[in-house]
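In: Fold the following for me, if possible:
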Amino acid sequence: MTGKRIGYIRVSTSDQNPDRQLEGIKLDKKFIDYASAKCTNRPQLKNMLEFVREDDTVIVHSMDRLARNLFDLRNLVDSLVKQKVQVQFIKENLQFNGSDSAMSNLLLSLMGAFAEFEYAFIKERQREGIAVAKKQGKFKGSKHKLNHEKIELLRQRMQSRDSKSKIAEEFGISRFTLYRYLEKMQNQVKNDG
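Out: Next comes the predicted model:
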């Protein structure tokens, strides 16, 4: 019996289109996270890791979509391969199944290191650009999506049994942003208590 073809997609914001990552690839199931690369809270990655079974193939657009850094990349790929799950990266044209050559493993490490370096380099340039913009008075930081009244409505709305996706849609925010507001609310309750 052949396994399932499982897609894992990660986009940084809800504004980005997740469909382009594995467009045209036949999948039995896909998991989509809306989270930045630095985010450790990726519920769909966790769900995907719990879902996969022996002989399945996990298909990811590129290495940087699966892992935050080289350490995470190696751990995720190694963990999946130990479960006899194949891992395929479309952009890099690499596949890992446990019988990988030394060259494949070297490429995984090198390309993962390059992706990690590129991300760090982009963040460094971004910090430098923000510093210059602040000096020039052009950077004010990101605006809050919800004002105080809407946050209070959100707090009340969370008492319902509606899905978080539905509530996020009502407020015009992503689920990721909803979870950030919930985290702030929980921290506020802890600090007040």
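In: Helices of the protein, start to end?
Out: In the chain, the helices defined using DSSP state H lie at 43-51, 63-66, 70-82, 102-135, 148-157, 164-171, 175-192.
In: winner for burial among those helices?
Out: helix 63-66 (a mean of 22; mean count of other Cβ atoms under 10 Å). In this view, the C-beta of every residue, glycine as well, is placed from N, C-alpha and C.
In: would you list the helices of the chain in CSV and tack on distance to I25 and mean pLDDT?
Out: Listed next are the helices of the chain as CSV, based on distance: least, Cβ to Cβ, whole Å; pLDDT from 0 to 100:
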stretch, distance to I25, mean pLDDT
helix 43-51, 15, 94
helix 63-66, 13, 88
helix 70-82, 18, 87
helix 102-135, 20, 77
helix 148-157, 37, 80
helix 164-171, 24, 81
helix 175-192, 24, 77
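In: So for I90, which of these sits nearest?
Out: I90 sits nearest to helix 63-66 of all those, at 9.6 Å, using Cβ to Cβ.
In: now the closest one: how far from the chain's centre is it?
Out: 8 Å (Cα atoms, centre = their mean, to the nearest Å).
In: Could you check how many residues crowd around R5?
Out: 18 (other Cβ atoms under 10 Å).
In: Surely L76 touches A67?
Out: Yes: the pair L76 and A67 passes the contact test of Cβ atoms under 8 Å, sitting 5.6 Å apart.
In: How is the protein divided into domains?
Out: 5-111, 148-192 (automatic domain parsing).
In: just to revisit the earlier point, now the helices of the chain in CSV, please, with extra columns for distance to N17.
Out: Shown next, in CSV, are the helices of the chain (distance: least, Cβ to Cβ, whole Å):
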stretch, distance to N17
helix 43-51, 16
helix 63-66, 13
helix 70-82, 24
helix 102-135, 20
helix 148-157, 26
helix 164-171, 17
helix 175-192, 15
